[in-house]
Every structure is written in C-alpha cells, then in structure tokens.
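Asks: quick check, what structure comes out for this input:
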Amino acid sequence: MTTSLRRHDRRVLAIQLIQRGLRTTPVRELTCLPDAEIRTLYRTLHGKSPPSGDVPCAASLFQTRRAQIQVSLFASIYRRIGGPAVLKNVNANALIQGYDLFRELTAPKLQESKGQIDFTGGWVIARDLREGKALLILCPDCRVHYLVAENSDFAADLPVLCLAQGEEKTEESARQKSDRDSDLTGTTAGSINARSVHSPKA
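Replies: Numbers count the residues shown, from 1 in each chain. The predicted structure is shown next:
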C-alpha cells in the first residue's frame with residue numbers, strides 16, 4: 001500500500017471516529033494524524049470546536065450498578081469482535097463495530113438514560129483493557145463476563161448480575177415457602193375436618 005493510500009485510510013478512519021464523537025486525543029492515537037488536521041475535521045463534522053480536558057478512566061464510567069451492566073456489555077462485545085488481541089492493542093475497527101452494536105442492542109431505553117457511555121467512554125474501556133487497568137472477569141456462577149477497574153467502588157468478587165440473580169432466587173424461595181405453607185395449612189385443615197367427620201359420638 002502506498003503512502004498516499006495509507007494516509008487516505010487514516011483520514012477515513014478519523015472521520016468515522018469523529019462522527020461518533022471521539023475526543024481528539026484518542027483520534028490522534030488511533031490515526032497518527034496531526035492535531036491541526038483532526039481539529040479541522042472535528043469542526044467540519046460537528047460545527048464546533050472539539051472539547052478540551054482530560055479523558056477519564058474506566059472506573060469513572062460506572063458509579064452505579066446500572067452503569068456497570070452497560071460498561072460490561074460494551075466491553076464484552078468489543079472483546080468478542082476484536083478477539084484476544086484487544087488486550088494488547090486498541091482495535092479501532094472493533095471499537096467502531098462494538099459501539100454501534102452496543103447502541104443497537106441498548107436502544108432506545110438506555111440511550112435515553114443518564115450516564116450511558118458515549119463513544120469516548122468506549123475508547124476509555126478499550127484503552128484500560130489494553131493497559132490492564134480494567135479486566136473482564138467471568139463469573140463462575142452465571143457464566144457472564146463483567147468489567148472491573150482500578151479505583152472502582154465495586155469489588156471484583158461481587159458480580160452485579162449474580163446480585164440480581166440472587167435477589168430473584170430469594171424472591172423465588174420466598175414464593176415457594178409461601179406456597180408450601182399454604183399447602184400445609186390446607187392439608188392440616190383437611191385432616192382436622194376429616195377427623196371431625198369420622199370421630200365417634202360421645
């Protein structure tokens with residue numbers, strides 16, 4: 001591939017990333033294009049200057065259990081599309097495909113909720129997976145991957161999905177106990193009535 005074709009491909013990739021709202025710093029890392037060119041592309045596509053400020057870490061993206069479910073879902077999709085190699089390098093194409101699929105799967109309910117991860121948040125997860133600051137852990141009970149990260153408030157040994165399943169199991173156990181108590185009450189009442197009918201008269 002010639003130099004001009006490689007540059008064209010990098011520019012096309014930059015446009016795809018910026019269209020989805022990726023911040024300029026990650027765009028530069030993924031495309032190696034100059035800052036000035038990236039900022040110009042951003043202003044052209046969005047009609048405003050790109051935002052400034054530090055890019056967050058993965059732990060800041062899930063302050064609630066609901067958010068942990070979202071980031072775990074995205075991370076699992078990204079890992080499935082990109083394969084084991086994404087744990088060593090950020091895969092821009094897997095990032096795009098993974099985020100588009102994540103949006104499709106969670107639309108429209110999660111898209112309308114506050115705190116949903118944006119495309120830059122998706123890149124943050126991909127970056128921290130690469131750097132080992134975030135991990136996808138397979139729960140041995142429910143066999144679902146969940147994301148944990150450095151400095152997160154959620155313990156690595158406390159999967160959110162298992163918590164939800166545990167609550168469901170508790171409710172189910174309570175219903176089953178209630179049903180057994182009802183059956184026992186009915187059986188006891190029936191036995192008493194039967195004894196009353198068949199008891200010899202004095």
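Asks: contacts only, for Val27.
Replies: With contacts defined as Cβ atoms under 8 Å, 6 or more residues apart in numbering, Val27 is in contact with Ala14, Leu17, Ile18, Leu33, Ile38. Any C-beta I mention is one placed from the backbone N, CA and C, and that applies to glycine too.
Asks: walk me through the domains of this structure.
Replies: Using automatic domain parsing, the domains assigned to the chain come out as 1-53, 56-194.
Asks: got these as a markdown table, with mean pLDDT columns?
Replies: What follows is those, written out as a markdown table (pLDDT from 0 to 100):
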| stretch | mean pLDDT |
| --- | --- |
| domain 1-53 | 94 |
| domain 56-194 | 77 |
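Asks: picking up where we left off before, restricted to helices, list the contacts of Val27.
Replies: Among the contacts of Val27, the members falling in helices (DSSP state H) are Ala14, Leu17, Ile18, Ile38.
Asks: between the residues you listed, which is nearest Leu5?
Replies: Minimum distance to Leu5 across the ones in helices among the contacts of Val27 is 14.9 Å, recorded for Ala14 (Cβ to Cβ).
Asks: okay, the ones in helices among the contacts of Val27 in JSON lines with distance to Gln97 and neighbour count next?
Replies: Formatted as JSON lines, these follow (distance: Cβ to Cβ, whole Å; neighbours: other Cβ atoms under 10 Å):
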{"residue": "Ala14", "distance to Gln97": "17", "neighbour count": "24"}
{"residue": "Leu17", "distance to Gln97": "12", "neighbour count": "25"}
{"residue": "Ile18", "distance to Gln97": "17", "neighbour count": "23"}
{"residue": "Ile38", "distance to Gln97": "22", "neighbour count": "23"}
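Asks: and the furthest pair within the residues you listed?
Replies: Checking those with Cβ to Cβ, the most distant pair is Leu17 and Ile38, at 9.2 Å.
Asks: hey, what's in contact with both of those two?
Replies: Shared contacts of Leu17 and Ile38, counting by Cβ under 8 Å, 6+ apart, come down to Val27, Thr31.
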